[in-house]
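Participant: with the sequence up front, the predicted model follows.
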Amino acid sequence: MIQVDNITVTYPSSCVSVFRKFSWEVQKAEAWAVLGPSGCGKTTLLYLLAGLLKPVDGSILIDKEPILRPRPKSGLILQEYGLLPWATVRQNCELGMKIRNYYGADGVHAPSENLSTRGEKNWIEELGLDSFADKYPAQLSGGQRQRTAIARTLNLQPDLLLMDEPFSSLDVYTRENLQDLTISLVAENGLTLVLVTHSIEEAVLLGRKIILLGNPPNVNAVIVDNPDAERKNYRNSSAYTKLCRKLRTKLGAS
């Protein structure tokens, strides 16, 4: 589904390339976690996939189409939610569809008729937000805000979910609940997932494959298979603990 081919990326404020002739492939419906130290290019890689940044060399294809701008079927979920404070939960969830209806799916050609602001599913109800639908972000807990951000994204019916540290600011109980929710949503809807995280434990829980970035420039990344991810009670298993230790050692060595 995703093909990153020999990209080179250099920060404008630096002559150092964060990626140099870097290649990577993601198959449809795979769940990947991107892990590495601060400043290694994790978020940069996610923004490249989202079409918010462009490499200075090389190419990125999704479904064989070059990514030159944000893609309608890619959903981006950020740590800080990105909710409009003056809009209710319902209005925030419908925002993406309203924008798409106005500008068209390609951002250029507006549709010829008024379309619905709801996707195939009522994600407000699916994610347990129906009792908060008329509340504003300031009236919600952190977990409820992130559920709203997830519902808004899923309302656009994406096939690719890009998540940048989505649960790092939440308490442990809420974070684990939303991690479990993400596992279910990805599996049940056949989504491809690319999750950026600083947390080794989160990467092992959510990523069936884990890509380890190092200090720039990244030329070749270490890829770790994690076939037990998404298994019930994996968080409490010895295999989970063992892989967390293994990754901690690898990151320490890098």
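Facilitator: Sure thing, it's come through. Numbering: from 1, shown residues only.
Participant: now do the strands in this structure.
Facilitator: When secondary structure is read from DSSP state E, the chain shows strands at 2-10, 17-26, 31-35, 57-62, 65-66, 74-77, 160-164, 192-196, 209-212, 222-225.
Participant: so which of those strands comes closest to Gly128?
Facilitator: Nearest of the strands of the chain to Gly128, taken as C-beta to C-beta: strand 74-77 at 17.1 Å. All C-beta atoms are positioned from the backbone trio N, CA, C, and that covers glycine.
Participant: the nearest residue to Lys135 once chain neighbours are set aside: how many residues sit nearby?
Facilitator: Using C-beta to C-beta, 6 or more residues apart in numbering and skipping the chain neighbours, the partner closest in space to Lys135 is Val89 (5.9 Å). By other C-beta atoms under 10 Å, 27 other residues sit near Val89.
Participant: now Val89: how far from Lys121?
Facilitator: Using C-beta to C-beta, to the nearest Å, Val89 is found at 16 Å from Lys121.
Participant: and for Pro66?
Facilitator: 30 Å.
Participant: now swap in Leu83 and tell me
Facilitator: Leu83 sits 20 Å away from Lys121, taking C-beta to C-beta as the criterion.
Participant: for the helix or strand bottoming out on mean pLDDT in the chain, packing partners?
Facilitator: Across the helices and strands of the chain, mean confidence by mean pLDDT, DSSP states H and E is lowest for helix 89-103: a mean of 80. Counting contacts by 3 or more C-beta pairs under 8 Å, 6 or more residues apart in numbering; DSSP states H and E, helix 89-103 is packed against helix 123-126, helix 142-154.
Participant: mean confidence score for the lengthiest helix in the chain?
Facilitator: If you go by DSSP state H, the chain has its longest helix at helix 172-189. Helix 172-189 comes out with an average pLDDT of 92.
Participant: any idea how far Leu205 is from the nearest residue to Glu176 once chain neighbours are set aside?
Facilitator: Of all residues not flanking Glu176 in the chain, Arg235 sits nearest, at 7.5 Å (C-beta to C-beta, 6+ apart). Counting by C-beta to C-beta, the gap from Arg235 to Leu205 is 6 Å.
Participant: just want to know which of these two has more residues nearby.
Facilitator: The neighbour comparison of Arg235 against Leu205 (other C-beta under 10 Å) goes to Leu205, with 24 against 14.
Participant: wait, isn't that one in contact with Asn226?
Facilitator: No - counting by C-beta atoms under 8 Å, Asn226 is not a contact partner of Leu205; they are 9.1 Å apart.
Participant: figure out which of the strands of the chain is closest to Gly143.
Facilitator: Between Gly143 and the strands of the chain, the tightest spacing by C-beta to C-beta is seen for strand 74-77, at 13.5 Å.
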